[in-house]
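In: Structure for this input, please:
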Amino acid sequence: MIATGQCRCGQLTFSVEGAPLLTGACHCRGCQRMTGSAFSLTSAFPADAFTVTTGDPVVGGAHGDEARHYHCDHCKSWVFTRPAAMPFVNVRTPMLDEPPPGPPFVESQTAEGFDWARTGAKHSFARFPDERAYQSLIAEFTRTHSD
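Out: Predicted coordinates:
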């Protein structure tokens, strides 16, 4: 399965091969400020399954060693994130041409979120899950979301 997506203006496009490893929502203040919303939505794909097909993304938002946020240089849409310690790319779910159905599987940073904004995610964390937890979360997501 190959999924495609794009920024708001369409000058930055991408493709991903296979199904998401995990879907999520982040309620941190940084995501709130970057999206202008209560949280950001993400679909994680293996890093080697993700390809920018058109355009040249620029780094914006997080520029550090832990993660880098990539945007379209023209419309400034936040399209994807590369977390340094993880073997996946977090695609902003709304940028996918056909977003995965249902609520996010995991929501994180709820301690920074608005009390009235929850997603119905199966797993909820006040902060980010421990890195070791991702393996079991991905395995459970795969089991429960396979066709």
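In: CA atoms for contacts and neighbours, from now on please.
Out: Will do.
In: Pull out the buried residues from stretch 29-37.
Out: Arg29, Cys31, Gln32 (16 or more other C-alpha atoms under 10 Å).
In: Distance from the chain centre to it, please.
Out: Centre-to-centre, stretch 29-37 and its host chain are 13 Å apart (C-alpha atoms, centre = their mean, to the nearest Å).
In: List of residues touching it?
Out: Stretch 29-37 has contacts (C-alpha atoms under 8 Å, 6 or more residues apart in numbering) with Ala38, Phe39, Ser40, Gly61, Trp78, Glu112, Gly113.
In: how about the residue at minimal distance from the centre of the chain, secondary structure?
Out: Taking C-alpha atoms, centre = their mean as the criterion, Thr42 is the residue nearest the geometric centre of the chain, at 2.3 Å. The three-state assignment at Thr42 reads strand, by DSSP: H, G, I helix; E, B strand; the rest coil.
In: Surely it and Leu96 touch.
Out: No: applying C-alpha atoms under 8 Å as the test, Thr42 and Leu96 come out as separate, 9.9 Å apart.
In: sorry, back to before: compile the buried residues of stretch 29-37 into JSON lines and extend it with columns for pLDDT, distance to His123 and secondary structure.
Out: Output for those, formatted as JSON lines (pLDDT from 0 to 100; distance: C-alpha to C-alpha, whole Å; DSSP: H, G, I helix; E, B strand; the rest coil):
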{"residue": "Arg29", "pLDDT": "95", "distance to His123": "20", "secondary structure": "helix"}
{"residue": "Cys31", "pLDDT": "93", "distance to His123": "19", "secondary structure": "helix"}
{"residue": "Gln32", "pLDDT": "95", "distance to His123": "20", "secondary structure": "helix"}
